[in-house]
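Student: sequence and predicted structure, then a few things I'm wondering about:
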Amino acid sequence: MLERITSVLRPQFYDTVAAVLRGARRRALNAVNTTMVETYWNLGRLIFEEEQNGHARAEYAAYLIRDLARRLTREFGRGYSATNLKDFRQFYVAFPADGSNAISHTLCGQLTWSHYRALMRVSSPAARAWYVHEAAMSKGGLSEPCCDRSTRSRTSVR
């Protein structure tokens, strides 16, 4: 027969322990997100630079993406399809290192890859900068669905 276990833990003690764990979980998720966003940006930069390194032909670019996708998928698993690699390249183009739209370490921690995927599809650099600012200033960033919806409706242009 199972004995009924009564808790001898003080509620404040448990709450403190739980808060430490929640904080650690939040920091771990933030670190993973930051690393993922920085990695995708760097992959996009490498792809862009390889394409521009005297091989600006569209045919080379198509083979480069296709062959790289195959090899990365074989070695690292899912997530490196030709479509994703094109997104990584577009990410770098939309947020170049030397522009006002450049990603920063601070923004990487606030915005997720889903945010950036929606934001990089905004064609106007000024509008994109506005959305990035709004997403970063709102508590916890704009939610991905909200961010995607606002970029589709072009709220900043109005």
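Tutor: Good, I have the coordinates. Treat the numbers as computed from the prediction; the structure is a model and nothing was measured. Numbering: from 1, shown residues only.
Student: when you work out contacts or count neighbours from here on, use the C-alpha atoms and nothing else.
Tutor: Fine.
Student: gap between Arg74 and Asp67?
Tutor: 11 Å (CA to CA, to the nearest Å).
Student: just Ala97 next, same as before
Tutor: Counting by CA to CA, the gap from Ala97 to Asp67 is 26 Å.
Student: then Glu38?
Tutor: Going from Glu38 to Asp67 by CA to CA gives 22 Å.
Student: give me the more crowded residue out of Arg74 and Asp67.
Tutor: Looking at Arg74 and Asp67 with other CA atoms under 10 Å, you find the greater number of neighbours at Asp67, namely 14 against 11.
Student: can you give me the buried ones in whatever helix or strand the more buried one lives in?
Tutor: Using DSSP states H and E, Asp67 sits in helix 58-76. Neighbour-count burial for helix 58-76, with 16 or more other CA atoms under 10 Å as criterion, is recorded at Ala61, Ile65, Arg66, Leu68, Ala69.
Student: name the helices or strands packed onto that helix?
Tutor: Applying 3 or more CA pairs under 8 Å, 6 or more residues apart in numbering; DSSP states H and E, we find helix 58-76 packed against helix 11-52, helix 82-94.
Student: who touches the last one?
Tutor: To tie it back to what came earlier, the one meant is helix 82-94. The contact list for helix 82-94 (CA atoms under 8 Å, 6 or more residues apart in numbering) reads 40-45, 47-48, 65-66, 68-69, 101, 116-117, 120, 125.
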